[in-house]
Every structure is written in structure tokens, then in C-alpha cells.
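K.L.:
quick check, what structure comes out for this input:
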Amino acid sequence: MKFGVYLKEHTRPGWEEHYLEYDKLKEIVKALTKTELGLPQMDVKDYTTSLTVQGQAPTFSGKLGTKDVSQEDFFKAIDRNVQKIGNFTALQVKQSQKLLGNLESDVDVALQNNMPDLQLQSLEIRAKEIGDTFLDLEKYININYTGFYKILKKHDKNLPSTPARQFYMARLHQTPWIQGDYSAVFVTLSRIYSKLRDDIVPEAQDLTLKDFVRSTRKYWVKTQHVSQVKHMILQHLPVFQVRQDLLSGDSQMTNSAYFDNSQLELYHGRLEKRPQAIALRIRWYGLGDPELAFIERKTHKESWKGEISVKERFTLPPDMVIPFLKGEYSVDEAAEALRSKGKTEAEISKFKQLFQEVQKVVDVKQLQPLMRTQYMRVAFQIPFDATVRVSLDTNLCMIKENPERGDTCLESGRWFRDPSLPVPRTEITKFPHAVLEVKLSLKENEDAPLWVTQLIDSGLLHEVHKFSKFIHGCAVLLPDRVQAVPYWIDDESIRDSILSSSHATNAESTYSSLSKRRMKIDDEEEPSRSAGSPYAGRGESELTHPLLGDYAMTDLIEDSNGGRYSNNGKSRNILNFFFQKQPHYLPRKVPMRIEPKTNFANERTFLRWIHMSIVLGGVSSAMLGGASPDDQDAHVIGLLAIPLAISITMYGIW
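P.N.:
Coordinates of the predicted model:
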């Protein structure tokens, strides 16, 4: 479908005049194209100038009907549309904020006067309408952004002597309606829904010494669906942050430094889901240097035994983390600091046990900072009630804590990477999707709320069983040190993000991953041009990664049936098998729960096959031994039955 048609079909009624003037810009490009074809081509690389020779005019004109148009007219039209869309977006956001302010005042009045449920329902409908309008505004921004990209691409294709797409798209990224954070609208909307539900907030708890026992399911969410998912959740759970006064929007920067040793013992234990496998990390919140360090230990337990995985944590001042890791900060000193803060002896006793266990495992296993995960997290939860908690992580990236060149963190006296050091492309991987976690802490025989089930079944979430940011980061950034990788590493939707963190194979790899994807899309849309393109045939071969083959094997984000293979990829693999050295293929680990009674069921099946083969072998032996020499039928049946009995035995063993 042509984009102009698509734009008209997806225009919101009432907003028609505020959209990008795509057709008008397209007509200007067509008019200028006729003039471009008549101009002599000039090799910019070999171009020289003379101060006494008149150069070629920097602009040229075309005819749009009876009116002359020039490149300047096109660029002015682009700027005018950018300004128009920015003004309309700002106006809509301002109107939404005003409507929410009026609605919140009406809700407060209604609750104070004990208004009937019917009036409260009308207020809830108003809240939903404001939220839906805000989601429409996001779609409006996205479709206009795509329109700018399309028309600038068409401009550069038809007028190659004056390329403008890269410059204008870079400018577009800096506009307020692209870079602006309007999540405060959802925070206000969340507060209104919470008042309408009359949420009961338990007493504040001390989260510095807290154990979490709960079941967790993880999902990938496409970026374009993030706001829609937020809107669905906040109708049932409020946005929760311990310190709301420190946030301008709904999200908070979250950093976690994961620890492991040179053998990646903790990585492989978590990947294979070994009983009692641990993950050790230090987490802190906010931008800049950490103000408080959360030492957290996650322990995997077998659910079929009736056990639930647990997360335990305690806090330390940031300047005491290195002494703690080196064993120089004793448990008695830490306990005395807690006593001075008024902690109970029971809390101190629990703290001392966890403190000593973590300090011991760091020393015994020689753990050190290995991998950083960094993301913006918005949490939905009734404050201090962990029955249902939903978190949504966006802008997710994983970073090596220890630079490839230079001292490690511990050698430089730090427990996380020096923020002043540059981060090369091969030491960071940016995850393309948001990650949503649904955490339930329910009583026995208690079902999850209905809205949670509806959210999961909405089609906006794509479950990735046992997804781990730590495991993904290690697999992508440390491919030469891992012995196995998670099953999702072969997914089509994350392939480009993995390749962008790999080592370059040729000079053209200096192009960004986004540029290469766009060149690939352009070639697919314009096959006639791609045949002679200097980038034709290169595609993903510009960058290679040890974990990836020539094609993706799964597509979890599109709910494919377990694996998707291309015929071209198979033919290439057959040729490579004979003519090229094959890369080392690491096993993929798929978490599965195998209960002990499964082994007994296998044994019963095996015994049934063996019983059948023994009966058949016994009958055939009796026929051969007891039949007379003249009974040919018995001999033939016996001779045929014995190989059959042996085959059944072999099948049962296999």
C-alpha cells in the first residue's frame, strides 16, 4: 500500500488538517525531479573551485502547475510541517493535562460528597476517554514521523545531488514532540483511577531489609505498544515509586551490576536452572552516582517441589561496597550501624546471616562485577502490597562492567564501570523491545485477578519463558566465554541488535545498524535499484556474530510456530558444509520442568516394550524348536518373528 493512501486511511477524524502534507511534498519532489534530470552530473569527490569562475547555481526550479518551485520551497514546507505538528502535539498535551486536572478535582468532590456509583462510573468513562485520546496522539506522532522519513527518502532517491534525509531526520530527533517525555499524563491518570477504585494503602514498610517470594512471568512488548499496555495496567494498578517527588514522569533509571567469575559459573547455573543456582547483583536507582546500594541475591528453587524462588536483599552505603567485597567490612560493624538506626534484633539477625553468606560466596567463588543492565522502569503496584506487581522496563541495554582495554573495576577500586570511560559498540547491546514482568504473590489456591489474565491474552504481550537480562547480556557480549546460550538468542526480532554489538568484518560496517536496516528496506522496495546498488548482497554479512547463523530460527515476537527457516539459508549451509569451515555451534538451553515421576513413566513404557519383545521372541523360539522338519510355515514364521522381537527391544532401548 502506498504511504499516501495509508496516511489517509489512518487519519483521526477531526485532526485532518494537522497531519503532514505528504501529497503536496510529493508533488514538489516530482516537479524538481524533471529539472534534476536535465542538469549535468558532477563528481563531488573530484570537485575543485576557482574564485574567478562562476559556479553552478546551488538551487534549481521546477514547475508545479503554473507555479515555479525550488529546493528552498521543499525545505521550507518540511520546516513548516515540523512546526505545525510540534505545535499541535504541545496543544493536545496541554489540553489533556487541563482535562485531567479538572477531572481529578471532580473526583475529589464526588468522593467527599459520597456520590452514587453511577456518577463515579461517568467519571471513570471520562478518564478512559482522556487516555484513549492520548494514545491517539501517540499514533499521530508515529505516523507523521514515518511520513517525514518516507518523503525525505523519496527526495534523496529522485534528487541525489542534494541529499537531505540524514540531516533532517537528525533534526527531527531533537524536536520536543519526538524527545518529549509526557508520561506525567499517565501518572495523573493512574492517581485518578486509584481514587476511583478507593485503593487501600497498607502502612509503609522498610524495603531495605526485605525478602520477596513470588512467581514471575516475563514478556516482550513492542515499542509501539508500550503506551497502550501502560494504559491497560493503570486502570487496575497505580504507578508506584517509593519517592514520587524525585520523578518527573512515571519511570525511574535502574542500574544493576551483576557479579560472576572467569568461568561464568553463576551464568551457567542460572541458564541451566540448577537447584539453588544464585544470581548476585548490586542495584541502585537514579542518574549519576548511587546514593544507596542494594545488595541482592536471587535463588532458584524447583517449583515442582512446592518451593518458590526467592529474592533477598540488604543495603549498604556506596562507599562501603568495596570494603564489603574485599572482606574488610565486618558483619559486626554493619550490625552496629543498623542498631544505631533502631532496627530490631530479629531484623539484625536476618541481616547478619545474609551479609555473611553473600560475603562468603564472593570470596569462595572469586566473584567480580561482570555485566550491567540499565533501563527505565515503571512499576504498577498498590503501595507496599506485593500481591500483584507489574513492572515495565524500556530503553534496556546491557554493558560490560570491565572494559576490554584497561583495568577492571576492582583493579581501579570501583564496583561498577567508570562512567567517564567511553563505551565501544562491542561492549554494549541495546535490546529492541520493552520487557514486562508480572509478579504474583498469591495465597494457596488463590487465582490471579481477571484483568491480569485479560492483559496476558490481549495479544500485546509475547511471553518469553525465563527471560533474563543478565543471561542475554553475557551471551551477546561474551560469546567466547559462554558454553551455552539461551533459546531466544536465535529470534528474528533481536537479530539486528545482536549484530550491532559484534565485531566488524569489513570497512562498510561503519554504517549504523539502523542505516543498514533502512538500506535493506529500500532495496526490498526498489529491486531495480538494488541490483546496481553498492550495498546489494551485503545485508547482514557486514557484521557477523559467533552465536548467529545465516538466518534466524525463531520469531517469538510474531508468535511463530517454534522456528522459521528459509530455503536460501539451507542451500547456503549445504554449500558451506563442504567448502567452508563451520563455526562452533553452542547448545541452546530451553528451561523445562522435569518432575521425577516422568522417569518412572519412561521406565514403565520401556518395560512394556521389553515384555512384548520377550513374548514374541519366546513364541518364535518355541515354534522353531518344536515344529517338525516338514512344517515350513512354522519355520518361516519363527524366523520372521525373531528379528521383529530384536527390533522391538532395540526400539524400546532407544
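K.L.:
can I assume Asp108 sits in a helix?
P.N.:
Yes - counting by DSSP: H, G, I helix; E, B strand; the rest coil, Asp108 is part of a helix.
K.L.:
report the contact partners of it.
P.N.:
Lys195 (Cβ atoms under 8 Å, 6 or more residues apart in numbering). C-beta coordinates here come from the backbone N, C-alpha and C atoms, glycine included.
K.L.:
ok, now Gln368?
P.N.:
Contacts of Gln368 by Cβ under 8 Å, 6+ apart are 259-261, 402, 408-410.
K.L.:
out of those, which are buried?
P.N.:
Buried by 16 or more other Cβ atoms under 10 Å: 259-260, 402, 409, out of the contacts of Gln368.
K.L.:
show me which pair in these is furthest apart.
P.N.:
Between any two of these, the greatest separation by Cβ to Cβ is 12.5 Å, found for Asp260 and Cys409.
K.L.:
can the contacts of Gln368 go into CSV with extra columns for distance to Ser620?
P.N.:
Output for those, formatted as CSV (distance: Cβ to Cβ, whole Å):
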residue, distance to Ser620
Phe259, 64
Asp260, 59
Asn261, 60
Asn402, 68
Thr408, 70
Cys409, 72
Leu410, 72
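K.L.:
tell me the one of those nearest Met612?
P.N.:
Asp260 (50.5 Å).
K.L.:
bridged to that closest one, which residues?
P.N.:
Asp260 forms beta bridges with Gln368, as assigned by DSSP bridges.
K.L.:
correct me if wrong: it contacts Leu266.
P.N.:
Yes - contact criterion Cβ atoms under 8 Å: Asp260 and Leu266 qualify, at 4.6 Å.
K.L.:
what do these two both touch?
P.N.:
Common contacts of Asp260 and Leu266 (Cβ under 8 Å, 6+ apart): Leu367.
K.L.:
output the lowest mean pLDDT helix or strand found in the chain.
P.N.:
helix 527-530 (a mean of 39; mean pLDDT, DSSP states H and E).
K.L.:
mind listing the helices in the stretch 151-300 of the chain by residue range?
P.N.:
Along the stretch 151-300 of the chain, the segments classed as helices by DSSP state H, counting those that start in this stretch run 165-173, 176-179, 184-197, 226-234, 265-271.
K.L.:
the stretch 351-500 of the chain too?
P.N.:
With DSSP H, counting those that start in this stretch, the ranges of helices along the stretch 351-500 of the chain come out as 450-456, 469-477, 495-499.
K.L.:
still on that earlier bit, ok, of the helices of the stretch 151-300 of the chain, where does mean pLDDT dip lowest?
P.N.:
Sorting those by mean pLDDT places helix 176-179 lowest, at a mean of 87.
K.L.:
kindly export that helix (C-alpha atoms) in CSV.
P.N.:
Output of helix 176-179 as CSV, limited to C-alpha atoms (Å, rounded to 0.1, in the frame of the first residue of the first chain):
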residue,chain,number,x,y,z
PRO,A,176,10.2,18.3,21.6
TRP,A,177,7.4,16.2,20.1
ILE,A,178,9.8,13.4,19.5
GLN,A,179,12.1,13.7,22.5
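K.L.:
re the thing from before, distance to Ala184 and pLDDT added to the contacts of Gln368, as JSON lines?
P.N.:
Shown next, in JSON lines, are the contacts of Gln368 (distance: Cβ to Cβ, whole Å; pLDDT from 0 to 100):
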{"residue": "Phe259", "distance to Ala184": "36", "pLDDT": "96"}
{"residue": "Asp260", "distance to Ala184": "38", "pLDDT": "95"}
{"residue": "Asn261", "distance to Ala184": "43", "pLDDT": "94"}
{"residue": "Asn402", "distance to Ala184": "37", "pLDDT": "93"}
{"residue": "Thr408", "distance to Ala184": "40", "pLDDT": "88"}
{"residue": "Cys409", "distance to Ala184": "36", "pLDDT": "89"}
{"residue": "Leu410", "distance to Ala184": "40", "pLDDT": "86"}
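K.L.:
list just the nearest of those to Leu367.
P.N.:
Minimum separation from Leu367 among the contacts of Gln368 (Cβ to Cβ) is found for Phe259, which lies at 4.2 Å.
K.L.:
picking that back up, make TSV out of the helices of the stretch 151-300 of the chain and add distance to Phe324 and mean neighbour count.
P.N.:
Formatted as TSV, the helices of the stretch 151-300 of the chain follow (distance: least, Cβ to Cβ, whole Å; neighbours: other Cβ atoms under 10 Å):
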stretch	distance to Phe324	mean neighbour count
helix 165-173	42	14
helix 176-179	39	15
helix 184-197	36	20
helix 226-234	37	20
helix 265-271	18	21
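K.L.:
make TSV from those and add distance to Pro383 to it.
P.N.:
Converted to TSV, the helices of the stretch 151-300 of the chain look like this (distance: least, Cβ to Cβ, whole Å):
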stretch	distance to Pro383
helix 165-173	36
helix 176-179	31
helix 184-197	10
helix 226-234	14
helix 265-271	30
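K.L.:
of all these, which lies closest to Arg377?
P.N.:
Closest approach to Arg377 among the helices of the stretch 151-300 of the chain (Cβ to Cβ): helix 226-234, 12.2 Å.
K.L.:
Thr387 reaches Ser441, doesn't it?
P.N.:
Yes - judged on Cβ under 8 Å, Thr387 makes contact with Ser441 at a distance of 5.6 Å.
K.L.:
distance of the residue nearest in space to the middle of the chain relative to Ser420?
P.N.:
Computing the C-alpha centroid of the chain and ranking residues by Cα atoms, centre = their mean puts His433 first, at 3.1 Å. Here His433 is placed at a distance of 30 Å from Ser420 (Cβ to Cβ, to the nearest Å).
K.L.:
wait, the residue nearest to the centre of the chain sits on Val221?
P.N.:
Yes - with contacts counted by Cβ under 8 Å, His433 reaches Val221, the gap being 6.1 Å.
K.L.:
identify the residue nearest Thr373 in space, chain neighbours excluded?
P.N.:
Nearest residue to Thr373 in three dimensions, chain neighbours excluded: Lys469, at 4.3 Å (Cβ to Cβ, 6 or more residues apart in numbering).
K.L.:
actually Ser412, not the one I wrote
P.N.:
Nearest residue to Ser412, sequence neighbours excluded (Cβ to Cβ, 6+ apart): Asp418, at 6.6 Å.
K.L.:
tell me, how many residues neighbour the one you found?
P.N.:
Asp418 has 12 neighbours, counted by other Cβ atoms under 10 Å.
K.L.:
try Thr33
P.N.:
As a burial measure, Thr33 scores 15 neighbours (other Cβ under 10 Å).
K.L.:
and if you look at Pro403?
P.N.:
18.
K.L.:
show me the residues around it that make contact.
P.N.:
By Cβ under 8 Å, 6+ apart, the residues touching Pro403 are 417, 421, 427.
K.L.:
mind pulling up the pLDDT for the last one?
P.N.:
On the pLDDT scale, Glu427 is placed at 94.
K.L.:
repeat that for the first one.
P.N.:
With respect to pLDDT, Arg417 scores 92.
K.L.:
how much space between it and Gln366?
P.N.:
Taking Cβ to Cβ, one finds Arg417 at 19 Å from Gln366.
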